[in-house]
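In: mind looking at a prediction? Sequence and model below.
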Amino acid sequence: MKDISSHANAEDFMRLIKPKRKNLLSLIFSRFFLFVLLMALQVFIVIMLVEYAKDHIGNYLLLERLFAFMMIVYLFSCPMDSSAKLTWMLIISIVPIVGAALLFFTQFNLGNRRVKKNITSQIIRTKHAIPQPEGVMDELHNEGDHTDDLVRYLCRSGCFPAYDDTKVTYFPSGEAKFEVMLRELAKAEKYIFMEYFIIEEGYMWGKILDVLTLKAKEGVKVRVMYDGMCEISTLTPDYFKRLSKVGIEAKPFSPIRPFLSSHYNYRDHRKILVIDGKVAFTGGVNLADEYINRIERFGHWKDVAIMVKGGAVRSFTLMFLQMWNAHKQDAVYDEYLAYTPEAAEDASGYVVPYCDCPLDDDKVGEAVYMDILNRAGTYVHIMTPYLILDGELETAIKYAAERGVDVKLILPGIPDKTVAYALAKSHYWNLLSSGVKIYEYTPGFVHAKVFVSDDIKAVVGTINLDYRSLYHHFECATYMFKTDCVEDIEKDFQQTLSQCREITKEIVKNENRFYILTGGLVRFLAPLM
């Protein structure tokens, strides 16, 4: 990691803890570590049988096969993605004890059962907390592009109205968002709500913390929530208490519990900032220095975000309060949702903020992406850091290209995760064969999550094209239809494209053997990645 700032040694920002070294705790709490432990258990059982119960090995193997068969029958009737079913069937058929135990761990997720129950309760309770603004659905219907159908679908799983009084500003970098974010925070008069997947002390968070502590002293209610994984990766377990001492209410979402929690399932991957119910931010940018290129980790960090002003801010307020109340009901919805923001000046088009919850059967994030792909007439341009696709989404991407739509994907040129990079490359050949155009961002790492289509539709949010985002995490995004900023998003895509290398079949044929072998070997485990 390299500090590329011109003031690397001049810390003129706030810190609450000493710089933290990365450790092995995240590995210990991962599925990989549990898988290794269970494999060791399976080996131990076999050794014990060979050593002390040779006469009963045949009976054990028979029972093991019978058990594996019963588990496979269970999987057939389980409401699970077909790709994931095949993965679990393969694992259980090879190592029944390991496979069944890991399946139980991931399906029941004992460490988060109370959180699951509370969040489900919050979502049901607030299903109609924000009424659909009058006339908007009729207007969308008259547009003839079936966006009204998509909104109806979204409202099945939550409270996601469409708004026609909202202005969206697009930021093509974390630096651009950060600059405006600080200005907007300084204007806060009543409350500041922040919900971020990653918070790490450094220049970016330190400057924000300076403003938050000042606002707290002025009487502004400041609430900060970060994912519980931060407690063992970037922060300390008592960090919320440290924030409390400077006047900031804070909560870790779903703190990690030894042997009960996995850092893969039910993580809060969202990035939301709400100020006074008037302004909201979302996108891919977390609160750490690499997101604004203050330090360099994987070359240049390409990220994006949006700022929302107008009625749609209410949806972000609701999303935050639902998660804040997941552990303890201490925020009153009516107190914050009663305020209706004024229509934004220069409002254009229609804006639909939404979130995706892993606790129901609706894969909202994937469904929105597939809707854009299936309805596209001219082009669909995509930026994503990861490409780990299930069969349905891969088919939708290929089908769009095969029927003549210009489908372009921009992925990182410098990866942050080697295995995920290899898995992405394992999709290249099939996609290229269908006419999809793939590009890699040569200056560094793309962390943006963007879909833009036909000069009229776009999505900016936190939802990656991988199993974690589409199936296992809490996510959020904003769907935009005929908003002015769609033009800005496409312009940024083209600017980013100019810094990419195009991937051809010839390049894929000559790919590094390590990536080819790794991608092929772990492809069947993709649903667990």
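Out: That came through fine. Numbering: from 1, shown residues only.
In: contacts for the helix or strand hosting residue 87?
Out: Assigned by DSSP states H and E, residue 87 belongs to helix 82-94. Helix 82-94 is contacted from outside by 68, 71-72, 75-76, 78, 80, 98-100, 102-103, 390-391, 467, 471, 524-528, using C-beta atoms under 8 Å, 6 or more residues apart in numbering. In this view, the C-beta of every residue, glycine as well, is placed from N, C-alpha and C.
In: narrow those to those in helices?
Out: Among the contacts of helix 82-94, DSSP state H puts 68, 71, 72, 75, 76, 98, 99, 100, 102, 103, 391, 467 in helices.
In: residues contacting the residue nearest to the first one when sequence neighbours are not counted?
Out: Going back to what we said before, that points to residue 68. With C-beta to C-beta, 6 or more residues apart in numbering as the criterion, residue 68 has its nearest non-adjacent residue at 4.2 Å, and that residue is residue 96. Residues near residue 96 by C-beta under 8 Å, 6+ apart: 64, 65, 67, 68, 71.
In: number of nearby residues for residue 418?
Out: Residues lying near residue 418 (other C-beta atoms under 10 Å) number 11.
In: returning to what we had before: quick one, phi psi at the residue nearest to residue 68?
Out: The phi/psi pair for residue 96 (degrees, to the nearest 10) reads phi -60, psi -40.
In: then residue 354 would be within a strand, right?
Out: Yes. Counting by DSSP: H, G, I helix; E, B strand; the rest coil, residue 354 is part of a strand.
In: quick revisit: which of the ones in helices among the contacts of helix 82-94 sits closest to residue 509?
Out: residue 391 (24.2 Å; C-beta to C-beta).
In: so what's that closest one closest to, chain neighbours aside?
Out: Closest residue to residue 391 apart from its sequence neighbours, by C-beta to C-beta, 6+ apart: residue 83 at 5.5 Å.
In: can you pull the pLDDT of the one you found?
Out: Listed pLDDT for residue 83 reads 73.
In: gap between it and residue 392?
Out: From residue 83 over to residue 392 the distance is 9 Å, taken as C-beta to C-beta, to the nearest Å.
In: who's more crowded, those two?
Out: The residue with more neighbours, out of residue 83 and residue 392, is residue 83; 19 against 16, by other C-beta under 10 Å.
In: any idea how far the more buried one is from residue 525?
Out: Taking C-beta to C-beta as the measure, residue 83 falls 11 Å from residue 525.
In: residue 283 now?
Out: Counting by C-beta to C-beta - residue 283 and residue 525 are separated by 30 Å.
In: ok, now residue 80?
Out: Per C-beta to C-beta, residue 80 is found 15 Å from residue 525.
In: got the buried residues for the helix or strand residue 124 falls within?
Out: Secondary-structure element containing residue 124, defined by DSSP H and E: helix 113-125. In terms of neighbour count (16 or more other C-beta atoms under 10 Å), helix 113-125 has its buried residues at 115, 116, 118, 119, 122, 123.
In: about what we covered before: now, of the contacts of residue 96, which are buried?
Out: Burial by neighbour count, judged by 16+ other C-beta under 10 Å, picks out 64, 68, 71 from these.
In: so the first one, which of the three states?
Out: Read that as residue 64. Here residue 64 is recorded as helix under three-state DSSP.
In: ok, now how distant is it from residue 503?
Out: Distance of residue 64 to residue 503, computed by C-beta to C-beta: 44 Å.
In: quick revisit: and the contacts of helix 82-94, which are buried?
Out: Buried by 16+ other C-beta under 10 Å: 68, 71-72, 75, 80, 98-100, 102-103, 390, 467, 471, 526-528, out of those.
In: shaky segments in the stretch 301-450 of the chain?
Out: For the stretch 301-450 of the chain, applying pLDDT under 70 flags the ranges 331.
In: the strands in it, which residues?
Out: Using DSSP state E, counting those that start in this stretch, the strands of the stretch 301-450 of the chain run over 305-309, 350-356, 379-383, 406-412, 437-441, 444-446, 450-453.
In: which one of these lies closest to residue 13?
Out: Of all the strands of the stretch 301-450 of the chain, it is strand 305-309 that lies closest to residue 13, at 20.6 Å by C-beta to C-beta.
In: partners of that closest one in the sheet?
Out: Applying DSSP bridges, strand 305-309 is found paired with strand 167-171 (antiparallel), strand 279-283 (antiparallel).
In: the residue nearest to residue 299 when sequence neighbours are not counted pairs with what?
Out: Excluding its sequence neighbours, the residue lying closest to residue 299 (C-beta to C-beta, 6+ apart) is residue 444, at 2.4 Å. Assessed by DSSP bridges, residue 444 has beta-bridge partners residue 299, residue 300.
In: and residue 444, how close does it get to residue 292?
Out: For residue 444, the distance to residue 292 - C-beta to C-beta - is 13 Å.
In: and residue 513, by the same measure?
Out: Residue 513 sits 36 Å away from residue 292, going by C-beta to C-beta.
In: compare those two (neighbour count), which wins?
Out: The neighbour comparison of residue 513 against residue 292 (other C-beta under 10 Å) goes to residue 292, with 23 against 8.
In: isn't that one up against residue 179?
Out: No. Assessed by C-beta atoms under 8 Å, residue 292 is found out of contact with residue 179, at 9.0 Å.
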